[in-house]
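In: how does the following fold in three dimensions:
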Amino acid sequence: MTRIAVAALLAALAPLSARAETVSVAAGAGSLQSILDAARPGDTIRLGPGEHEGPVTIATALSLEGEAGAVLAGNGTGSVVTVTAPGAVVRGLTITGSGRDIGTLDSGVFLAKTATGAVVEDNAVLGNLYGVYIHGAKEALVRENRIEGLREGGRSAEAGNGVHLWNAPGARVIGNDIRFGRDGIFTNASRDNVFSGNRFSGLRFAVHYMYTNDSEISGNVSTGNSVGYAIMYSDRLTIRGNVSDGDRDHGLVLNTAKGSEVSGNRVYGRLQPVSRWTNAGRQADSHGIDAQPTGAQDKGGMRLGPEKCVFIYNANRNAFSGNRFENCAIGIHFTAGSEGNRMTGNAFVGNRNQVKYVGTRHLDWSADGRGNYWSDNPAFDLDGDGIADSPYRPNDLVDRVLWTAPQAKILINSPAVQVIRWAQSQFPALLPGGVVDSRPLMAPPDEGTEIQ
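Out: The predicted structure is shown next:
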């Protein structure tokens, strides 16, 4: 046998001698950190049922897995699991017992910058300050976890986020169930992220974007949060197929967000007790968006929620299509220099006010001969082409007066107001600048579709 053949044979046998192993660890069997430190790349450390002591650090590219009933419990200081190795996996565990120090980013699972491609999946991450914190780890995957944050105290600002990303290009957060704490997913200074198929409840914001570009938010469901999807200072996003069902203040917020596709989303309001959401009981966050209430009460009653299906502030060149905005106090509140947005093929259904536009420009919300559906548009379609025969204007001069002087509502049914509205309908030149749909649809594009 030649030297080359021997060298080839030894090279082929070398991986077999270093074959990855599975190490089973019973609860209370000694220092888990020592076992992790002794493991080799590719090994699987499998924790048996019962409580295992944390915190631990994974510095080798291995899998830390749990059998049914395996609990990894921290000591109330720092993060329960810290991952520094690229390609490491944390799977199938109940993880609890992090510290409560926001300044040190105490988390159930903390992925350091070096943990490129790390995977956190199928865990129950319960009662930690932050659930999963991705601190610069590229291409990380957080998938199919149940994440429940802190509930005590009643102030969401004192809690961390379910999944928090900072400068984590390519990270994906998919199929998680996230409840309680501050925000469901918060991202800052990142790019090329995908948040898809997640479910959110009991939070301030379901998804909170800050300075994160070229990313996707798709197929998520937000239920009963203060705000569904808050997109701020972020550009070129795909926001598609998401649901906001009964969120209290806003379904979707675009604040200084540009060049995004907003399509196929559903914002669905429900009647909610006014006693929970009075102005006296609100506290605003740093962006001026109402956060969770402080607990003040009033005499009761009901109101439509969200207050606004969509709030657009200084957001330009976005394309809205195929969305359904239903049963909100305001369908879209559109203000602060938002220009060049394309609105076509959307359905505005049963909102108390379909549009609140603060501005003097004339905006046509139709494109390529097709506008939007408005449930309060008493239009005719004599030629049967599905397009109303006359334009639709959601606001008039009286609406502007009511926005600036709400006390004027007592005059809304007076003969003088009725004469003004009649005059504007007969003489369109009297109308101020505002939104007009020159080609309104006679039926919603997705008629018959129910939000579950």
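In: report the contact partners of Lys138.
Out: Counting by C-beta atoms under 8 Å, 6 or more residues apart in numbering, Lys138 touches 116-117, 168-171. Every C-beta, even on glycine, is put in place using the N, C-alpha and C of the backbone.
In: please redo it, this time with the cut-off set to 6 Å
Out: 116, 169-170 (C-beta atoms under 6 Å, 6 or more residues apart in numbering).
In: mind telling me what element it is part of?
Out: Secondary structure assignment for Lys138, by DSSP states H and E: no helix or strand.
In: ok, Leu32 touching His52?
Out: Yes - the criterion here is C-beta atoms under 6 Å, and Leu32 meets it with His52 at 5.5 Å.
In: so the two - more neighbours on which side?
Out: His52 (22 against 19; other C-beta atoms under 10 Å).
In: which strand residues bridge the closest residue to Thr344 other than its chain neighbours?
Out: Distance criterion C-beta to C-beta, 6 or more residues apart in numbering; nearest residue to Thr344, sequence neighbours excluded, is Ala367 at 4.4 Å. Ala367 has these beta-bridge partners by DSSP bridges: Arg370.
In: quick one: pLDDT of Ala367?
Out: pLDDT, Ala367: 91.
In: likewise Gly337?
Out: 70.
In: could the C-alpha coordinates of stretch 171-180 be exported in CSV?
Out: What follows is stretch 171-180 as a C-alpha-only set of coordinates in CSV (Å, rounded to 0.1, in the frame of the first residue of the first chain):
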residue,chain,number,x,y,z
ALA,A,171,-31.8,36.0,12.3
ARG,A,172,-35.2,34.2,12.0
VAL,A,173,-37.9,34.1,14.6
ILE,A,174,-40.5,31.6,13.5
GLY,A,175,-43.6,29.9,14.9
ASN,A,176,-43.2,31.0,18.6
ASP,A,177,-46.0,31.6,21.1
ILE,A,178,-45.0,34.8,23.0
ARG,A,179,-47.0,36.2,26.0
PHE,A,180,-46.5,38.8,28.7
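In: which other residues reach that stretch?
Out: 134, 140-149, 151, 162-163, 165, 184-185, 193-202.
In: can you give me the strands for the stretch 351-452 of the chain?
Out: 353-357, 363-364, 373-374, 435-436 (DSSP state E, counting those that start in this stretch).
In: let me see the mean pLDDT of the first one.
Out: If I follow you right, that is strand 353-357. 89.
In: who does that strand touch, helix- and strand-wise?
Out: strand 330-335 (3 or more C-beta pairs under 6 Å, 6 or more residues apart in numbering; DSSP states H and E).
In: buried ones in the strand it packs on, by neighbour count?
Out: 330-334 (16 or more other C-beta atoms under 10 Å).
In: measure stretch 61-68 end to end?
Out: 23 Å (C-alpha to C-alpha, to the nearest Å).
In: oh sorry, the question was meant for stretch 64-81
Out: First-to-last residue span, stretch 64-81, C-alpha to C-alpha: 10 Å.
In: and the strands of the stretch 351-452 of the chain, which is most packed in?
Out: Mean neighbour counts were taken over the strands of the stretch 351-452 of the chain using mean count of other C-beta atoms under 10 Å, and the top value, a mean of 24, falls to strand 373-374.
In: how far off centre is that one?
Out: How far strand 373-374 lies from its chain's middle: 26 Å, per C-alpha atoms, centre = their mean, to the nearest Å.
In: could you do stretch 170-183 as well?
Out: Worked out by C-alpha atoms, centre = their mean, stretch 170-183 lies 9 Å from the chain centre.
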